[in-house]
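Asker: Give the three-dimensional model of this entry:
(2 chains)
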There are 2 protein chains.
Amino acid sequence: MTAGTDVHLAYNDLVTLVQRIFVKNGASEHNARILSENCASCERDGSLSHGVFRIPGYISSLNSGWVDGQAVPEVEDCGPAFVRINANGGFTQPAFMAGRPLLIEKVKASGVAILAIRRSHHFSALWPDVEPFADEGLVAFSVVNSMACVVPHGGNKAVFGTNPIAFASPREGAAPFVFDQASSAIAHGDVQIAARAGHDLKPGMGVDRDGEPTTDPKAILDGGALLPFGGHKGNSIALMVEILGAALTGGYFSGEFDWSGHKGAQTPFTGQFFVVIDPERGGNNTFAHRVAEICDLVLEAGQDRLPGDRRHATRAKAATAGIPLSAQNYQMLTALAKA
Amino acid sequence: MTAGTDVHLAYNDLVTLVQRIFVKNGASEHNARILSENCASCERDGSLSHGVFRIPGYISSLNSGWVDGQAVPEVEDCGPAFVRINANGGFTQPAFMAGRPLLIEKVKASGVAILAIRRSHHFSALWPDVEPFADEGLVAFSVVNSMACVVPHGGNKAVFGTNPIAFASPREGAAPFVFDQASSAIAHGDVQIAARAGHDLKPGMGVDRDGEPTTDPKAILDGGALLPFGGHKGNSIALMVEILGAALTGGYFSGEFDWSGHKGAQTPFTGQFFVVIDPERGGNNTFAHRVAEICDLVLEAGQDRLPGDRRHATRAKAATAGIPLSAQNYQMLTALAKA
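Answerer: Predicted coordinates:
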């Protein structure tokens, strides 16, 4: 392979490569496998900000001692429809996978169940967590709080994280309907891109260090903060995410954890909340058909695509052509796996 | 009482007065009681667009034969954590009250439970449905779809209703944290007020009859439609409300029911979805304290008030001074109760 040439990897090959990197940086084989499947899924689906791009951040956080790559989660059975997990300072995904079978068992027995994870680090997208439930015919809703970078609507000090919410539902004759969206008006990465390109943002995206509204991306990055999407309504959702993701799980709020003793730490140490529903409980066996109907109505009304559709198209392409990686990224991965 | 003088009524007196109106227009005593408590609560809390203001719409809908004031809901026990209700063409609130004890029993036994109501008319706010759960130490989330008046983001034909979502949580040392917000960028009533006053709306509120963005409130009212709040993110929430409120409950979508044979009908005939959680399940007994902490952090960051705070202040005032009604409204009510 010559420098500059793109590489295409099969999903399993990318998983294996990334897993070696996690293990070399202190993760257990088991945890590394789960994290690498998550990372490779994001890269495969074109969800690039949560794919290979994140590897240096994962490594830096592991090496700082802030996150425990060997953590063994503790699953607590809290009744017919409630599971709690103490992730013990590790990443969320291994904790989630440890509790997932019990969660699904409870959903099937009861009609709905909660999974509340605490003392966990989430450094990826949420859609990989919720979409597989929809593949099994279930409806899933999840939220995770993160690290303080969003001021409350009308406020001047960051309290909320970007606080994503995600939802997945089966959809007859198509890939599941899935959305995964931050409660902030814009992603931090997009502010950085605008600052580098030297152009202004639309109004309503952020505030400067004095809490005053600004369209200057540099003012947001220089001690300022983001705003919630959609004014006071997005603000309510961001606050709900703190309540469900932290207060209800027993985790930290987005502005509460202290990583000052861990130079290089990048991962928010909070909690994650799930509610998973059996939508056909009680005999409503047309559910997935009805979801397809409402999605079709939205497309017929002129919306160009549904959230998730682009990811599913990218995934389909990767299934035949492989997952495209720049030569630079591929070389980074192989170097890290050998190091 | 002379014309033009405001009247102050005790809550129970307003309930009794409104109940008589519902009964005179075909509701059963039982259903009328529940509806009048809802209506009086909205008036008491200053939630005026869902208070006495709605009485003519209730009457018109009842008299059109579109909604059955005598409906007896059927409660279906669908397992340890799932209740379904067929409202049989009546208002949602009597159906909800019929299933509420079983729902709470299941939440306490299981940790969480779903209530899915179908074939129901919701013509009020959502906060009266969710807030009482928080008073009992539970967390509640509810959505209801309504009637098509919101175009999908990027689309040109109304598919969604205003599709409110509501959330309530206990909060130590204070009234519960409650929000109840439409998924549309603006309420229809506010568009009407702007049209009457002759001033433009902010961009992003609606489209004209051709689906083109407009700031002219008259163009929105003249065959146009509203937009979701917050662009594509609010759009996803509006679509989630259709999925939970209609597909999951077995009710109609917002653009699906046909009231053309019922002149005067005003109430959307859809479904309503609840998930209610015991937040201290599994030993997390600091929940309400933690909610108070995050609410305090938001206020300390400069937000002037939390959603629901103004309502609670108005309610406290009404508890001593009575519920204020304009002379015009009071005369309307007494005339309707005698008619």
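Asker: all contacts plus neighbour counts: C-alpha atoms, from now on.
Answerer: Will do.
Asker: how about the helices in the stretch 201-339 of chain A?
Answerer: Residue ranges of the helices in the stretch 201-339 of chain A, as given by DSSP state H, counting those that start in this stretch, are A:217-221, A:231-242, A:287-300, A:309-321, A:327-338.
Asker: most packed of these?
Answerer: Ranked by mean neighbour count, the helices of the stretch 201-339 of chain A are led by helix A:231-242 with a mean of 24 (mean count of other C-alpha atoms under 10 Å in any protein chain shown).
Asker: wait, which of the helices of the stretch 201-339 of chain A is closest to B:Ser36?
Answerer: Nearest to B:Ser36 among the helices of the stretch 201-339 of chain A is helix A:231-242 (28.6 Å), distances taken as C-alpha to C-alpha.
Asker: now for the closest one, which elements pack on it?
Answerer: Here helix A:231-242 touches strand A:139-144, going by 3 or more C-alpha pairs under 8 Å, 6 or more residues apart in numbering or on different chains; DSSP states H and E.
Asker: make it 10 Å
Answerer: Helices and strands touching helix A:231-242, as assessed by 3 or more C-alpha pairs under 10 Å, 6 or more residues apart in numbering or on different chains; DSSP states H and E, comprise strand A:139-144, strand A:165-169, strand A:269-277, strand B:165-169, strand B:177-181, helix B:231-242, helix B:287-300.
Asker: related to what we said a few turns ago, could you dump the helices of the stretch 201-339 of chain A into JSON lines and include mean pLDDT?
Answerer: Shown next, in JSON lines, are the helices of the stretch 201-339 of chain A (pLDDT from 0 to 100):
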{"stretch": "helix A:217-221", "mean pLDDT": "95"}
{"stretch": "helix A:231-242", "mean pLDDT": "98"}
{"stretch": "helix A:287-300", "mean pLDDT": "98"}
{"stretch": "helix A:309-321", "mean pLDDT": "96"}
{"stretch": "helix A:327-338", "mean pLDDT": "96"}
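Asker: Quick one: end-to-end distance for stretch A:42-54.
Answerer: Using C-alpha to C-alpha, to the nearest Å, one end of stretch A:42-54 lies 10 Å from the other.
Asker: okay, the helices and strands packed on helix A:231-242 in a markdown table with distance to B:Ala134 next?
Answerer: Compiled in a markdown table, the helices and strands packed on helix A:231-242 are given as follows (distance: least, C-alpha to C-alpha, whole Å):
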| stretch | distance to B:Ala134 |
| --- | --- |
| strand A:139-144 | 20 |
| strand A:165-169 | 22 |
| strand A:269-277 | 18 |
| strand B:165-169 | 5 |
| strand B:177-181 | 8 |
| helix B:231-242 | 22 |
| helix B:287-300 | 10 |
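Asker: Strands along chain A, start to end?
Answerer: Counting by DSSP state E, chain A has these strands, from start to end: A:7-9, A:74-77, A:82-86, A:112-121, A:139-144, A:165-169, A:177-181, A:206-207, A:213-214, A:225-226, A:269-277, A:323-325.
Asker: Could you identify which of these is most buried?
Answerer: A comparison of those by mean neighbour count, using mean count of other C-alpha under 10 Å, puts strand A:225-226 on top with a mean of 31.
Asker: and it, anywhere near chain B?
Answerer: No: if you take C-alpha under 10 Å from any C-alpha of the partner chain as the test, strand A:225-226 misses chain B, and the best it gets is 12.2 Å.
Asker: Distance from the chain centre to that strand, please.
Answerer: Its chain's average C-alpha position is 19 Å from that of strand A:225-226, according to C-alpha atoms, centre = their mean, to the nearest Å.
Asker: and if you look at stretch A:92-103?
Answerer: Distance, centroid of stretch A:92-103 to centroid of chain: 15 Å (C-alpha atoms, centre = their mean).
Asker: pLDDT averaged over it - what is it?
Answerer: The average pLDDT within stretch A:92-103 is 98.
Asker: Buried residues of that stretch, list them for me.
Answerer: A:92-96, A:98-100, A:102-103 (16 or more other C-alpha atoms under 10 Å in any protein chain shown).
Asker: Regarding chain A, what is its longest helix?
Answerer: Longest helix in chain A, counting residues (DSSP state H): helix A:92-110.
Asker: any idea how chain A splits into domains?
Answerer: In terms of domains, chain A is parsed into A:1-63+A:308-339, A:71-185+A:227-306 (source: automatic domain parsing).
Asker: re earlier: relative to B:Asp208, which of the strands of chain A is closest?
Answerer: Among the strands of chain A, the nearest to B:Asp208 by C-alpha to C-alpha is strand A:177-181 (27.9 Å).
Asker: Tell me the helices and strands packed up against that closest one.
Answerer: helix A:127-135, strand A:139-144, strand A:165-169, helix A:287-300, helix A:309-321, helix B:231-242.
Asker: could I get these as a markdown table with distance to B:Ser260?
Answerer: Below are these laid out as a markdown table (distance: least, C-alpha to C-alpha, whole Å):
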| stretch | distance to B:Ser260 |
| --- | --- |
| helix A:127-135 | 37 |
| strand A:139-144 | 34 |
| strand A:165-169 | 32 |
| helix A:287-300 | 21 |
| helix A:309-321 | 36 |
| helix B:231-242 | 22 |
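Asker: residues of the lowest-mean-pLDDT helix or strand in chain A that come out buried?
Answerer: Ranked by mean pLDDT, DSSP states H and E, the weakest helix or strand in chain A is helix A:188-197, scoring a mean of 88. The neighbour-count check on helix A:188-197 (16+ other C-alpha under 10 Å) flags A:188, A:191, A:195 as buried.
Asker: now do stretch A:12-31
Answerer: Neighbour-count burial for stretch A:12-31 flags A:14-29, A:31 (criterion: 16+ other C-alpha under 10 Å).
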